[in-house]
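Chemist: Sequence and predicted structure are below.
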Amino acid sequence: MQSRKQIFIIEDEEDIAELLRFNLSLEGYDIKTFPDAESGLQAVLKESADLLLLDLMLPGMSGLEICRQIRADHKTKSLPIIMLTAKGEEADIVRGLEMGADDYITKPFSPKILNARVAALLRRENKHMPDQSSDIMINNVQIHPGRHEVLVDGKKIDLTHSEFQILHFLAMRPGWVFTRGQIVDAIRGENYAVTDRSIDFQMVGLRKKMGSAGEYIETVRGVGYKFREE
C-alpha cells in the first residue's frame, strides 16, 4: 500500500493555516503546520516532507530566505515548494521563483485550485525528467536535441539557436512557470546575447513559426512563461 504524501505548511496566520490543513487533509494528505519561519525551516531540514506550502510574508525570516536555505541544502534542494502570496505581489512571485520555488498561489485562494496545484506538482515530481539529450514529444510537437530539430505535426520548422534553446528548456518541464531571468540563465551562451527584454521578442518569433502549436507557450502575466501540456 502506497504511503500518504506528507505536506508541510509554514503559515503564521492561524485561520489560513487551518483552512489549508482542512482542505488538504480531505484529499488524503498528512499535514504538519508551523506558525513561524524558524520552526518550519528546522522541520523541513530534519524531517521528510513531500511538498512545502510556504507563506512569503513571515515575521522574523522571510519565505524567500527559507526557500534559499532549503535549496542550498543537498537533502532538501529538490523539495517541491508552492509559495503563498498576497494578491498583486508580482515582484515577490518573481523573486520566489528565481529563488527556487516551483509554483505559487495568491491569497485569497480557491480550495479547488489549491488541491489541483498540489496534485499537479506531486505528479510532476513522480515523473522522470528527460535527459538534456533525450527526444521530447508533447502534444503535436517533437523536439530532437541531438539533431537540433523541431517538428510540428511532422513538419520541420526552422528555428534560430536561441528559439530552439528556449523551446527545449520550457518543454523539458511542461506546466512549470519560469521567469524571464531563469530562461536567460538556462540558455545564455558565449556566442549569442540574451536579455530579459529580448526573451519577449524571441517568444513572438517562436510562436509565429510554430503556427497553431505556438499557443502551447503561455505567458504568465507578471512572471514569465510556461509550456502547456494538454
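Modeler: Yep, it's here. Numbers count the residues shown, from 1 in each chain.
Chemist: The spatially most central residue of the chain and Ile81: what is the separation?
Modeler: Nearest to the mean C-alpha position of the chain, counting by C-alpha atoms, centre = their mean, stands Asp102 at 3.2 Å. Between Asp102 and Ile81 the computed distance is 6 Å (C-beta to C-beta, to the nearest Å). Yep, even glycine has a C-beta here, placed from its N, CA and C like the rest.
Chemist: Most distant residue from the centre of the protein?
Modeler: Most distant from the centre of the chain: Lys155, at 30.0 Å, with distances by C-alpha atoms, centre = their mean.
Chemist: bridging residues for it?
Modeler: Counting by DSSP bridges, Lys155 is bridged to Val152.
Chemist: Report pLDDT for it.
Modeler: Listed pLDDT for Lys155 reads 94.
Chemist: likewise Gln2?
Modeler: 50.
Chemist: cool, and Leu26?
Modeler: Listed pLDDT for Leu26 reads 93.
Chemist: Then Glu149?
Modeler: 92.
Chemist: residues near it, how many?
Modeler: Neighbours of Glu149 under the rule other C-beta atoms under 10 Å: 15.
Chemist: and what of Ala49?
Modeler: Residues near Ala49, counting by other C-beta under 10 Å: 19.
Chemist: Backbone dihedrals for it, both of them.
Modeler: Main-chain dihedrals, Ala49, degrees, to the nearest 10: phi -110, psi 150.
Chemist: so what's it up against?
Modeler: Taking C-beta atoms under 8 Å, 6 or more residues apart in numbering, we find Ala49 in contact with Gln6, Ile7, Phe8, Lys32, Ala43, Leu79.
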